[in-house]
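sequence and predicted structure below; questions after.
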Amino acid sequence: MTPITPWPPLITSAIQPRWMVWRDGLLTLSMWLLLALLCRHALLTLGAEILLAAGLSDEVPPLDFREHWRRMQPYWTMVGLLLLWLMIWGSVWVLRRRLTKPAPMPQPLDTATEALRHEAAPEALLAWREMPVAIVHVEHGGRMRAEPPAGQKASGG
């Protein structure tokens, strides 16, 4: 039974340079501060609601949706522009795909020609093709050799 690999596959045991750790920390902190800055009105309203619920304040913060929409207008404008940009380039892509004639598929190489391209024997190439999983080593100059992974029985080649 194979061990369960954790998800997401994070590299945690690698040694990272000090500058990279500082950079990641500063970027993370700056993004959290930017998020707090963008949400400051909502956070202040939430704080006032918490104080009201705790009985520490008698002041009820007014709900003004017009002010909320006024504050959000630049963001919604940017969302709309990005969607428009995405739709335009998506349409360009679809039109290019429809107007471009697909290239014909190349003729498959016969075993001898393909083996010659990889500097291998045709029998070895046929044996590689029969492996369900193969580790292929590409050596200098394009010469190739394949072997089954550890624990898998070799079927030749």
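Structure received.

give me the domain ranges for this protein.
22-63, 65-100, 111-147 (automatic domain parsing).

show me the helices in the chain, by range?
Along the chain, counting by DSSP state H, helices occupy 18-38, 40-54, 65-99, 111-117, 122-130.

which stretch among those helices is buried most, on average?
Comparing the helices of the chain on average neighbours per residue, with mean count of other Cβ atoms under 10 Å, the densest one is helix 122-130 at a mean of 15. Quick note: C-beta positions are derived from backbone N, CA and C, even for glycine.

for that helix, packing partners?
Judged by 3 or more Cβ pairs under 8 Å, 6 or more residues apart in numbering; DSSP states H and E, helix 122-130 is in contact with helix 111-117, strand 144-147.

quick one on the thing from earlier: Ile15: which of the domains of the chain is closest?
Minimum separation from Ile15 across these (Cβ to Cβ) falls at domain 22-63, 14.2 Å.

how far does that closest one stretch from one end to the other?
Distance across domain 22-63, first residue to last, is 41 Å (Cα to Cα, to the nearest Å).

pretty sure Ser57 is touching Ala48, no?
Yes - counting by Cβ atoms under 8 Å, Ala48 is a contact partner of Ser57 at 6.7 Å.

still on that earlier bit, let me have the helices and strands packed on helix 122-130 in JSON lines, extended by mean pLDDT and distance to Leu81.
Listed next are the helices and strands packed on helix 122-130 as JSON lines, based on pLDDT from 0 to 100; distance: least, Cβ to Cβ, whole Å:
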{"stretch": "helix 111-117", "mean pLDDT": "87", "distance to Leu81": "50"}
{"stretch": "strand 144-147", "mean pLDDT": "86", "distance to Leu81": "50"}
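
right, and the domains of the chain - which one's nearest Ala14?
domain 22-63 (12.9 Å).

distance check, the residue of the chain most remote from its centre against Ala48.
Centroid-distance maximum for the chain: Asp58 at 48.8 Å, with Cα atoms, centre = their mean. According to Cβ to Cβ, to the nearest Å, Asp58 and Ala48 sit 11 Å apart.

distance from the chain centre to stretch 45-55, please.
Per Cα atoms, centre = their mean, to the nearest Å, the displacement of stretch 45-55 from the mean C-alpha position of its chain is 40 Å.

export that stretch as CSV, just CAs?
C-alpha atoms of stretch 45-55 as CSV (Å, rounded to 0.1, in the frame of the first residue of the first chain):
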residue,chain,number,x,y,z
THR,A,45,-18.8,48.9,11.5
LEU,A,46,-18.2,45.4,12.8
GLY,A,47,-16.2,46.8,15.8
ALA,A,48,-19.1,49.2,16.6
GLU,A,49,-21.6,46.3,16.3
ILE,A,50,-19.5,44.2,18.7
LEU,A,51,-19.3,47.1,21.2
LEU,A,52,-23.0,47.5,20.9
ALA,A,53,-23.7,43.8,21.5
ALA,A,54,-21.3,43.8,24.5
GLY,A,55,-23.2,46.8,26.0
